[in-house]
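> When you get a sec, could you give me coordinates for this:
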Amino acid sequence: MSIFNKFKNHDQWDDDDQESGKKVAMFGGVALTTVLLIVVAVVGVKCTYRIGPGFAGVMYNMDGGVEDDTLGQGWHIVSPWKSVIEYPVSTETVYYTKNNVDGKDEDKEDDKSINVNTKDGKQVNCDVTYAYHMNQETLPDLFTQFRGRKYTDIESSIMKNDMYQAVNEVTSQYTLMELVGDKRPQINAEIFKKFSEALDREGIVLETFNLSDVRPDDATKEAIQNVVNAQNALAQSKIDKEKAEIEAEQARVTAKGKADALIIEAEGQAQANEKLQQTLTSTVIQQHMIEKWDGKLSQFNGGGNSSFLFNVSQ
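Numbers count the residues shown, from 1 in each chain. Presented below is the predicted three-dimensional model:
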């Protein structure tokens with residue numbers, strides 16, 4: 001191999017090394033950019049938080065505790081050393097019924113109804129439905145009071161206990177018949193007042209409350225049905241009595257009308273007869289007879305050939 005060829009090969013090696021270096025540098029740049037993008041994405045995910053519609057978030061700073069400002073719905077930048085707990089600030093409905101309709105506890109039994117006590121010592125099964133929301137202005141205090149518990153935990157513990165207490169305090173003042181009868185609206189109103197006062201102290205606003213579908217035992221159901229049947233019979237007898245009284249009154253009015261009509265007719269006839277009697281003088285009678293005379297004398301045949309003539313003017 002000539003010296004020229006050696007130098008030529010050496011130059012080729014240098015060109016190859018430079019090309020390899022460029023490729024390595026390019027690969028390193030791509031890798032670094034990829035790593036940076038991954039880091040930015042991870043930090044972005046860690047530093048952003050989305051609040052759902054109808055909720056507000058309370059931020060807890062590991063360095064300074066609960067922050068006064070709450071987060072509204074939408075996306076927010078949150079430092080990685082801060083945590084967020086969401087609470088409902090729009091209407092949230094809770095069901096304690098025979099059939100689970102809220103969809104929160106699919107893995108639990110459907111029956112979430114409650115038992116209540118009455119004044120006459122009865123225990124009956126009822127459905128309860130209520131709606132509430134949490135006051136956004138006092139959420140930091142609520143967070144502190146309940147030590148950062150989720151609203152579903154508060155719902156199933158603190159709020160449930162308050163609801164049970166309010167319901168039984170009211171229903172224990174009424175009999176079963178009043179509970180299943182026309183006192184239900186009044187009972188619901190009293191429970192709402194007590195339950196609302198309890199939740200208000202905790203920064204929770206009660207919107208509606210309804211105690212419904214009261215289910216007594218079979219013996220009580222039969223007793224209630226007997227009472228209802230008796231009330232229906234009494235109501236029907238009152239209706240029949242009122243109907244008979246109305247019909248009797250109508251008959252009396254009709255009879256009185258007929259009697260009054262006969263009296264009026266008789267009085268009218270009597271007055272007419274009296275006036276006629278006053279006008280029937282002998283002169284008037286004679287005048288009427290003359291007007292009706294056909295010019296022939298009246299004859300009376302007394303037998304044989306004898307005839308008697310009567311002069312009507314005598």
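> if we look at the helix or strand encompassing Asn115, which residues are touching it?
Using DSSP states H and E, Asn115 sits within strand 114-117. Residues outside strand 114-117 that contact it (CB atoms under 8 Å, 6 or more residues apart in numbering): 96, 123-126, 128, 164, 167-168, 171-172, 179, 211. All C-beta spots, glycine's among them, are computed from the backbone N, C-alpha and C.
> out of these, which are buried?
Buried by 16 or more other CB atoms under 10 Å: Tyr96, Val124, Cys126, Val128, Tyr164, Val167, Asn168, Thr171, Leu179, Leu211, out of the contacts of strand 114-117.
> in the sheet, who's paired with the first one?
According to DSSP bridges, the partner residues bridging Tyr96 are Val128.
> For it, which residues are in contact?
Lys112, Ser113, Ile114, Asp127, Val128, Thr129, Lys160, Met163.
> The last one now?
With contact taken as CB under 8 Å, 6+ apart, Leu211 is in contact with Val116, Cys126, Asp127, Val128, Val167, Thr171, Arg184, Ile187, Asn188, Ile191.
> State the pair within the contacts of Tyr96 that is farthest apart.
Taking CB to CB as the measure, these span a maximum distance of 14.4 Å, between Asp127 and Lys160.
> neighbours around Val84, how many?
For Val84, the neighbour count with other CB atoms under 10 Å is 16.
> quick one: secondary structure of it?
Under the three-state scheme (DSSP: H, G, I helix; E, B strand; the rest coil), Val84 adopts strand.
> quick one: it from Glu202, how far?
According to CB to CB, to the nearest Å, Val84 and Glu202 sit 21 Å apart.
> Please apply the same query to Phe209.
To Glu202, Phe209 is 16 Å away according to CB to CB.
> Please say which of these two ends up with more neighbours.
In terms of neighbours (other CB under 10 Å), Phe209 is the more surrounded of Phe209 and Glu202; the figures are 22 against 17.
> Check for me that the more buried one belongs to a strand.
Yes. Under three-state DSSP, Phe209 sits within a strand.
> Contact partners for it?
Residues near Phe209 by CB under 8 Å, 6+ apart: Val128, Thr129, Tyr130, Asn188, Ile191, Phe192, Phe195, Ser196.
> Between those, which sits nearest Gly257?
For those, with Gly257 as the reference and CB to CB as the criterion, the closest is Asn188, at 54.1 Å.
> What residue, apart from its backbone neighbours, is nearest the closest one spatially?
Once flanking residues are discounted, Asn188 sits nearest to Leu211: 5.5 Å by CB to CB, 6 or more residues apart in numbering.
> Who does that neighbour form a beta bridge with?
Counting by DSSP bridges, Leu211 is bridged to Val128.
> okay, and for the stretch 201-314 of the chain, where does confidence drop off?
Where the stretch 201-314 of the chain drops to pLDDT under 70, the residues are 223-224, 272-314.
> just so I have it, where are all the helices in it?
Using DSSP state H, counting those that start in this stretch, the helices of the stretch 201-314 of the chain run over 218-279, 282-292.
> Redo the ones you listed as a markdown table? Include distance to Tyr49 and mean neighbour count.
Output for these, formatted as a markdown table (distance: least, CB to CB, whole Å; neighbours: other CB atoms under 10 Å):
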| stretch | distance to Tyr49 | mean neighbour count |
| --- | --- | --- |
| helix 218-279 | 53 | 10 |
| helix 282-292 | 125 | 9 |
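> out of those, nearest to Glu92?
helix 218-279 (34.2 Å).
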